[in-house]
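Undergrad: build the 3D model from these lines:
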Amino acid sequence: MRALCWHGKGDIRYDTVPDPRLEHSLDVIVEVTTCAICGSDLHLMDGYNPAMRRGDVLGHEFMGEVVEVGSGVRDLKAGDRVVVPFTITCGMCEQCRRGNFSLCENSNRNAHLASKVWGYSTAGLFGYSHVTGGYAGGQAEYVRVPFAETTVVKVPKSGLTDEQVLFLGDIFPTGWQAAVHCDIEPSDVVAVWGCGPVAQFCIKSCFMLGAHTVIAIDRIPERLAMARAAGAVTIDFEREPVLERLNELTGGRGPDKCIDAVGLEAHAGSSMDAVMDKAKAAMMLETDRPHVLREAIMACRPGGIVSVPGVYGGFGDKIPLGAMMNKGLTIRTGQTHVRRFAYDLLKRIEEGEIDPTFVITHTLPLERGPEAYRTFRDKEDGCIKVVLKP
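TA: Numbers count the residues shown, from 1 in each chain. Here you go, the predicted structure:
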């Protein structure tokens, strides 16, 4: 089959790789009909994850049709239409039973590696390095899905397009969880750093959960325009001082809730801490560039919540712990518990409360994936979200 594979920093190729096969009785094979490039895929492209190996199949946003089922699978059959969450979940461990699906205790087959990095292992992930299991990803023609019955989300065979339901596997639930973590109240002002795809769903989710005002912070005109179209007030951080502007917009109180939808590759221009982060990262003295997290902590109103859906992978320094502690902030973060939210969000799509296709700017064949990665990374051609068709 054909797939997009990682061959080193900045080197994504459209390769021929072996077809997947059933390896366990609870596996299924899915023929991919639609997939996407996620912003966190760019962290892999840019070489921020040292646990990648040449030839690894990328991608964790995908959906398709079940074409083969393992002998132990009862609730899925060939022909079923499914969205595959990026998290692989056994459904049996204590964390899965609690609904903490991204913390599954059984699905990471390289748990020893994750334990060395994070203290304990979390769930296995599709297409996201060997520290999360080394599973082949979904930017491919076919994918093996382990623990299939408790991982996939079944969707109707008709009535909704792939593009309407695809993002149930990651960025819609990720934006939703970030907003849920904020415990939004009707009077709340929520500030969202970043206006990429996840941030766009954060903005939509905050309004759906009843926020009074959402303020979105970015520098890319097309992303800021999309945020304004959703009803957000916007700040261009290259033109306006973020903390001063947030103070003005909140009457000097600061946002009640803050969402870091950027993560480890913050592009903060010439701010002193951002310059230091880049220098330290170049010398391997720091892995992550947490400018946005620092700024969100400083901006947040005392007693507020900082929600962090943005991906961090290693170490960052100069986090303002004093501000966090003395202001009594609550920090909530984590990979998304997709199945906790997916069926509720599917219902909201079916009822017309939201059409997730709003975020798509580019649709291309899978063979043009390497080009699409570069366009997305470099923010060219107004690119916000890329969908790929095998």
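Undergrad: report how many residues lie close to Lys318.
TA: Lys318 has 13 neighbouring residues, counting by other C-beta atoms under 10 Å. For glycine as for every other residue, the C-beta is placed from the backbone atoms N, C-alpha and C.
Undergrad: oh, that last question was meant for Thr357, not what I typed.
TA: Thr357 has 16 nearby residues by other C-beta under 10 Å.
Undergrad: try the one 3 residues further on
TA: Using other C-beta under 10 Å as the criterion, Ile360 is surrounded by 16 other residues.
Undergrad: what residues are up against it?
TA: Taking C-beta atoms under 8 Å, 6 or more residues apart in numbering, we find Ile360 in contact with Glu163, Ile384, Lys385, Val387.
Undergrad: how about Pro156?
TA: The contact partners of Pro156, taken as C-beta under 8 Å, 6+ apart, are Arg81, Glu350.
Undergrad: what about it, distance to Val67?
TA: 18 Å (C-beta to C-beta, to the nearest Å).
Undergrad: quick check, Lys347 in a helix?
TA: Yes. The assignment for Lys347 is a helix, going by DSSP: H, G, I helix; E, B strand; the rest coil.
Undergrad: where does this protein have its least confident helix or strand?
TA: helix 272-282 (a mean of 70; mean pLDDT, DSSP states H and E).
Undergrad: got the contact list for the residue most central in space within the chain?
TA: The centroid of the chain falls nearest to Ile171 when counting by C-alpha atoms, centre = their mean (5.1 Å). Ile171 sits next to Cys38, Glu61, Pro197, Val198, Phe201, Val359 when contact means C-beta under 8 Å, 6+ apart.
Undergrad: got it, and Gly70?
TA: Leu22, His24, Ser25, Leu26, Asp27, Val28, Ala148.
Undergrad: cool, Cys206 as well?
TA: Ala179, Cys182, Ile184, Val190, Val192, Val214, Ile259.
Undergrad: helix/strand/coil for the second one?
TA: On the three-state scheme (three-state DSSP), Cys182 is labelled coil.
Undergrad: now it, nearest residue through space, not along the chain?
TA: Closest residue to Cys182 apart from its sequence neighbours, by C-beta to C-beta, 6 or more residues apart in numbering: Lys257 at 4.0 Å.
Undergrad: now the one you found. Its backbone dihedrals?
TA: phi -140, psi 140 (degrees, to the nearest 10).
Undergrad: what distance do you get for it to Gly169?
TA: Relative to Gly169, Lys257 is positioned 25 Å away (C-beta to C-beta).
Undergrad: coming back round to it: just among the contacts of Ile360, which is most surrounded?
TA: Within these, neighbour counts (other C-beta under 10 Å) peak at Lys385, which reaches 26 neighbours.
Undergrad: can you check what pLDDT the model gives that one?
TA: What the model reports for Lys385 is a pLDDT of 98.
Undergrad: ditto for the one 3 residues further on
TA: Confidence per residue is given as pLDDT, and for Leu388 that number is 98.
Undergrad: same check, this time on Val82
TA: On pLDDT, Val82 comes in at 98.
Undergrad: surely it forms part of a strand?
TA: Yes. Remark: Val82 belongs to a strand, assigned using three-state DSSP.
Undergrad: how many residues are close by it?
TA: If you count neighbours by other C-beta under 10 Å, Val82 ends up with 22.
Undergrad: in this structure it contacts Gly64, no?
TA: Yes. With contact defined as C-beta atoms under 8 Å, Val82 reaches Gly64; the gap is 6.9 Å.
Undergrad: list the residues that contact both of the two?
TA: Val30.
Undergrad: if we can go back for a sec, any chance of the contacts of Gly70 in CSV, plus distance to Thr89?
TA: CSV is the format used below for the contacts of Gly70 (distance: C-beta to C-beta, whole Å):
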residue, distance to Thr89
Leu22, 18
His24, 14
Ser25, 17
Leu26, 11
Asp27, 14
Val28, 14
Ala148, 10
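Undergrad: what strand or helix carries Met63?
TA: For Met63, the element it lies in under DSSP states H and E is strand 61-69.
Undergrad: likewise for Glu163?
TA: Remark: Glu163 resides in helix 162-165, with elements defined by DSSP H and E.
Undergrad: cool, Pro173 as well?
TA: In the assignment (DSSP H and E), Pro173 maps to helix 171-180.
Undergrad: neighbouring strands for the very next helix or strand once past that helix, and are they parallel or not?
TA: Counting by DSSP H and E, the element after helix 171-180 in chain order, helix or strand, is strand 189-193. Sheet partners assigned to strand 189-193 using DSSP bridges are listed as strand 213-218 (parallel), strand 257-260 (parallel).
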